[in-house]
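**Q** everything below, folded, please.
(chains A and B)
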Amino acid sequence: MARFLLHRLWQSLLVLAVMSFVIYGLMGLMPGDPIDLMISSNPNVTSEDAARLRSLYGLDKPIVERYGNWLQAALSGDLGYSRAYARPVPEVLAPALVNTLWLLGSTLVLSILIALPVGILAAARPYSRLDYTVNLLAFAGISVPVFWLGLLLIMVFAVMLGVLPAGGTGAIGDAGWWERLRYLILPVATLTLASVGGHTRYVRSAMIEVLRQDYIRMARAKGVGRNRVLFRHALRNALIPVVTVLALDFGFLFSGALVTETIFAYPGMGKMIFDAIMGNDFNLALVALLFATLLTLAGNLLADLAYAWLDPRISYR
Amino acid sequence: MPRQPVLEVRDLEVTFASERGVARVVDGVSFDLAPGRTLGLVGESGCGKSLTALALLGLVPPPGQIAGGTVRLDGRDLLALTEAERDAVRGRRIAMIFQEPMTALNPVFTVGDQIAEVLRVHGGVPRRQALETAVAMMGRVGIADPQARADAFPHQLSGGMRQRVMIAMAMICRPDVLIADEPTTALDVTVQAQILDLMLGMQAEFGTAILFISHDLGVVSEVADDVMVMYAGRIVEHSPATSLFSAPLHPYTLGLLQALPRVDRHLGRPPAMRGGMPDPCALPRGCRYSDRCPMAENMCRTREPSLNGAGAGRWVACLKVAP
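**A** Below you'll find the model as predicted:
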């Protein structure tokens, strides 16, 4: 087990290193560099000045060498300055990371808390009226576009009822947990409604598949009651495929919450990455994208560990 | 002198509703099970053997349902009980062993846990004590080093070992009735014999009544006291094992026996029975076997025979044998 973990960590590190080069390369391919931006804001810079600045900043060197320099600096803890914020990247990134973890953590937890019981109940009586209702709602949730759902919620709860804020993360300074929570409700509701349908469908189909197995019939023949069979014998088996989906979703949600964060003016990672790329904020975009990669890798690693815990047939050596 | 039956099944009916109509896949099955005796139930695949077994426990999978009949255990009709009351009977008074020991054990729990669970759901034995009894039972069914094996997961055991685990699971509450649905079909021949010996040994010790379901007449002839032959949902012959195998009454039984390869007579390939099991939604008129029966006459295609006494404790459903 420890060897497996070490192996996987090493693998993840390798992927991260490769991804950092790919992202760095793609950033380098983007039109414009910092000097271009300087020129556009100051018409007095001559092309000789520009060339001098480029060699001064090392921008005339080949990309592999530039990447090497960046990596050396990054490994020694220097992630650079954000051009747009004029502050070190970690300082800019940290609050956005915290906001996103709140948003996505709540969404994931809420979605699982709803999807598990509902999916299990639907699977316990497949093709019943309850099951049809659950499926209908799940498909509705999957099909509804996030931007439309978000706007609708803002319309109803912020504009018409006026009970919840339309966006942002609350007042500056410590406003208490309830004030913070109020700003989370609508974006979390939007993301949850969009993801819970898919999760419910996964739980349902995994449970139906398991409930067909011989060992479920055997458990019933042993005299184990219906509920114990559902929640003990079947669920443990059904969780194995469900965990995969959730782990992959984690990475996806992390960078894929852009639309929701934009609609609710929520200062999270999705919006920050988007703004950083649009604003040629190279350092910030680079590090933020690497973080997204890191979280996706972490999600996968967690899923692997969860497999071993759930399924004794899987052993890692 | 037959003893008082522990299980009395009367007119059991299982139906499946489909777009093509209602199929009566178990149709009017009646029999008694006496303590310490083994009743064989034989027939081709799809004749309704396994559904009969599941119906006894009230476990017919949907969309199938039990449409009628009674299953009396010590006089109490199990089919009239609530689901919770049936849960208390299943595994404790009536236990079941399934065909595939690989798929019938839950892959994510240790076999010790799975055996102990029977004790824990019936009688609420505490975890540790239940596990100790389970380990003792594993020893009884011939599992070497039961203490260590109890912590094994099903995939770590061989097929024969898993079937022993199933038997331990079935017998741990000393049930009055054991339903064994093709218990040896998935096993090697040598392991088959060991498992059969084990089951018969347990039966002798606990006085369990066994309903032994198999399509393998050879195995049934070794274990059964009486044998029922099932065809298209109905019992067509019910006889003591010795007379059934030496002098079958129903043409279908005869066909089955002739299809068996024998080592003591002619060599070569035994004749295969012609045709196949009729579609349960479109049964032939009259006797259900009439379209495959070499002896069928016109009356067989108009009148359906009922299971009639043929003397010497034998019953047969054939117009030509017992009109």
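**Q** per-domain residue ranges of chain A.
**A** Domain ranges of chain A: A:2-88, A:90-310, per automatic domain parsing.
**Q** most tightly packed of these?
**A** Mean neighbour count (mean count of other C-beta atoms under 10 Å in any protein chain shown) peaks for domain A:90-310 among those, with a mean of 18. In this view, the C-beta of every residue, glycine as well, is placed from N, C-alpha and C.
**Q** just for the stretch 201-323 of chain B, where's the confidence low?
**A** Within the stretch 201-323 of chain B, the ranges that satisfy pLDDT under 70 run B:262-272.
**Q** element containing B:Asp27?
**A** strand B:21-33 (DSSP states H and E).
**Q** and for A:Tyr85?
**A** Applying DSSP H and E, one finds A:Tyr85 in no helix or strand.
**Q** please state the offset of the strand holding B:Asp27 from the chain centre?
**A** Distance of strand B:21-33 from its chain centroid, counting by C-alpha atoms, centre = their mean, to the nearest Å, is 14 Å.
**Q** what pLDDT does B:Met1 get?
**A** Residue-level confidence at B:Met1 comes out at 43, pLDDT.
**Q** again with A:Leu294
**A** pLDDT for A:Leu294: 86.
**Q** hmm, it is touching A:Leu16, no?
**A** Yes. Under the criterion of C-beta atoms under 8 Å, A:Leu294 makes contact with A:Leu16 at 6.3 Å.
**Q** which one of the domains of chain A has the lowest average pLDDT?
**A** domain A:2-88 (a mean of 83).
**Q** ends of that one, how far apart?
**A** 36 Å (C-alpha to C-alpha, to the nearest Å).
**Q** repeat for stretch B:134-153
**A** End to end - C-alpha to C-alpha - stretch B:134-153 spans 15 Å.
**Q** quick one: it to chain centroid distance?
**A** Chain-centre distance of stretch B:134-153: 26 Å, with C-alpha atoms, centre = their mean.
**Q** identify the residues contacting the lengthiest helix in chain B?
**A** In terms of residue count, the longest helix belonging to chain B (DSSP state H) is helix B:189-206. With contact meaning C-beta atoms under 8 Å, 6 or more residues apart in numbering or on different chains, helix B:189-206 is reached by B:36, B:38, B:141-142, B:159-160, B:163-164, B:167, B:171, B:174-175, B:178, B:180, B:183-184, B:187, B:208, B:210, B:219, B:222-223.
**Q** hmm, back to that, what mean pLDDT does the strand holding B:Asp27 get?
**A** pLDDT averaged over strand B:21-33 gives 88.
**Q** send the alpha carbons of it over as CSV?
**A** The C-alpha trace of strand B:21-33 is given here as CSV (Å, rounded to 0.1, in the frame of the first residue of the first chain):
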residue,chain,number,x,y,z
GLY,B,21,-49.8,-12.0,-21.9
VAL,B,22,-49.5,-13.7,-18.5
ALA,B,23,-47.2,-16.7,-18.4
ARG,B,24,-48.0,-19.2,-15.6
VAL,B,25,-44.4,-20.4,-15.2
VAL,B,26,-45.2,-22.4,-12.0
ASP,B,27,-48.6,-23.9,-12.3
GLY,B,28,-50.3,-25.8,-9.5
VAL,B,29,-47.2,-27.3,-7.8
SER,B,30,-48.0,-29.4,-4.7
PHE,B,31,-45.7,-31.5,-2.5
ASP,B,32,-44.7,-32.3,1.1
LEU,B,33,-41.3,-32.2,2.6
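**Q** so what strands line up beside it?
**A** Applying DSSP bridges, strand B:21-33 is found paired with strand B:7-18 (antiparallel).
**Q** now the partner strand: buried residues?
**A** By 16 or more other C-beta atoms under 10 Å in any protein chain shown, the buried positions in strand B:7-18 come out as B:Leu7, B:Glu8, B:Val9, B:Leu12, B:Glu13, B:Val14, B:Thr15, B:Phe16.
**Q** my read: the third one touches B:Val29, true?
**A** Yes. Shown here, B:Val9 and B:Val29 form a contact pair, counting by C-beta under 8 Å, at 6.4 Å.
**Q** shared neighbours of the two, which are they?
**A** Among the neighbours of B:Val9, those also in contact with B:Val29 (C-beta under 8 Å, 6+ apart) are B:Gly69.
**Q** could you pull out the strands for the chain?
**A** All of this is about chain A. Counting by DSSP state E, chain A has strands at residues A:81-82, A:87-88.
**Q** actually, chain B is the one I wanted.
**A** B:7-18, B:21-33, B:38-42, B:64-73, B:76-77, B:94-97, B:177-181, B:209-214, B:226-231, B:234-240, B:308-309, B:315-316.
**Q** what's the closest non-adjacent residue to B:Met299?
**A** B:Leu319 (5.8 Å; C-beta to C-beta, 6 or more residues apart in numbering or on different chains).
**Q** just give the number of residues close to the one you found.
**A** If you count neighbours by other C-beta atoms under 10 Å in any protein chain shown, B:Leu319 ends up with 20.
**Q** show the pLDDT at the residue in the stretch 151-300 of chain B that chain A sits nearest to.
**A** Ranking the residues of the stretch 151-300 of chain B by distance to chain A (C-beta to the nearest C-beta) places B:Phe153 first, at 4.3 Å. Listed pLDDT for B:Phe153 reads 91.
**Q** show me the contacts for it.
**A** Applying C-beta under 8 Å, 6+ apart, the residues near B:Phe153 are A:Pro312, A:Arg313, B:Pro107, B:Val108, B:Phe109, B:Thr110, B:Val111.
**Q** the first one contacts B:Val108, doesn't it?
**A** If I follow you right, that is A:Pro312. Yes. If you go by C-beta under 8 Å, A:Pro312 and B:Val108 touch, sitting 6.1 Å apart.
**Q** not counting its neighbours along the chain, what's nearest whichever residue of chain B sits closest to chain A?
**A** Residue nearest to chain A within chain B (C-beta to the nearest C-beta): B:Gly91, separated by 3.2 Å. Nearest residue to B:Gly91 in three dimensions, chain neighbours excluded: A:Gly223, at 3.2 Å (C-beta to C-beta, 6+ apart).
**Q** can you give me the helices in the chain?
**A** All of this is about chain A. Going by DSSP H, chain A shows helices at A:2-29, A:34-41, A:47-57, A:63-75, A:89-124, A:129-143, A:146-153, A:177-211, A:214-221, A:226-228, A:235-256, A:258-263, A:269-278, A:282-310.
**Q** not quite, go with chain B.
**A** Under DSSP H, chain B gives helices at B:49-56, B:83-89, B:111-121, B:127-140, B:146-149, B:159-171, B:189-206, B:217-223, B:241-246, B:251-258.
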